[in-house]
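Chemist: Have a look at this prediction, sequence included:
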Amino acid sequence: MDRRKVQQCFAGLDYDFTAFDIDHFIVYVQQLRQRPIISQSFPFSAGISGLWLEMATVDFIIYQSRTHPIHQTHIRLHEVAHMLLDHPRQPIRDSLPAEMLRELTAAGTPSQTMRGHLRMREVNRRCNAFEEEAEYFVELLQRRVVKADRLSELTRTGTSIRSLARYVDGLPYAAKYPDDLQK
Ligand SMILES: [Zn+2]
């Protein structure tokens with residue numbers, strides 16, 4: 001995977017992480033890309049946890065309804081990462097659940113435009129550089145969210161930023177990739 005590319009993409013976001021929540025972030029990405037993103041849960045059968053479906057004028061993020069909200073947020077961020085990293089889309093029509101396919105077809109979506117990314121089980125993801133990049137992007141983002149939370153904590157208690165940095169830098173996210181902290 002191209003870690004430098006992911007870092008540059010993330011740094012270029014220019015998003016205020018002190019305002020982070022998943023919906024706020026996705027609204028920001030919509031504005032950035034000038035395309036609507038429709039986020040929706042779906043009771044996928046085992047094996048699929050979510051997908052990004054790129055249509056002519058809109059992007060769908062469809063995530064597993066039968067999982068913990070924390071995991072759902074992760075899936076949504078993962079799909080957003082694919083968008084922002086401009087990963088090549090693949091035809092995913094044949095992998096879509098029949099019910100979803102019916103709805104999309106009924107809504108007038110030509111099947112050849114059903115392209116995007118499908119998030120499958122661990123075993124299918126491991127050897128794919130695009131999947132690794134999307135996960136790395138989410139990891140960079142999580143670290144920034146952790147830091148932002150600490151900073152808002154800081155303003156409440158009046159502790160200095162310098163003394164706080166010791167603790168933040170010791171968090172798992174920072175420890176895993178110590179050489180590429182952003183900003
Ligand atoms: Zn993926």
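Modeler: Cool, the structure landed. Numbers count the residues shown, from 1 in each chain.
Chemist: Going by C-alpha atoms from here, please, whenever you check contacts or count neighbours.
Modeler: Noted.
Chemist: Model confidence at the residue positioned nearest the centre of the chain, what's the number?
Modeler: Residue closest to the average C-alpha location in the chain (C-alpha atoms, centre = their mean): residue 77, at 1.7 Å. The per-residue pLDDT reported for residue 77 equals 93.
Chemist: Residue 13 too?
Modeler: The per-residue confidence score, pLDDT, reads 95 for residue 13.
Chemist: Can you give me the end-to-end span of stretch 36-55?
Modeler: Across its full length, stretch 36-55 reaches 10 Å between end residues, using C-alpha to C-alpha, to the nearest Å.
Chemist: Is there proximity between that stretch and the ion?
Modeler: No. For stretch 36-55, no contact with the ion is found by C-alpha under 5 Å from the ion; the gap never falls below 7.4 Å.
Chemist: how far is that stretch from where the chain is centred?
Modeler: 12 Å (C-alpha atoms, centre = their mean, to the nearest Å).
Chemist: contacting residues around it?
Modeler: 26-27, 30, 57-66, 75-76, 79-80, 89, 97, 109, 113-121 (C-alpha atoms under 8 Å, 6 or more residues apart in numbering).
Chemist: can I assume residue 116 sits in a strand?
Modeler: Yes. Assigned with DSSP: H, G, I helix; E, B strand; the rest coil, residue 116 falls within a strand.
Chemist: That one contacts residue 94, doesn't it?
Modeler: No. Using C-alpha atoms under 8 Å, residue 116 is not in contact with residue 94; the gap is 11.8 Å.
Chemist: Fine, thanks again, bye for now.
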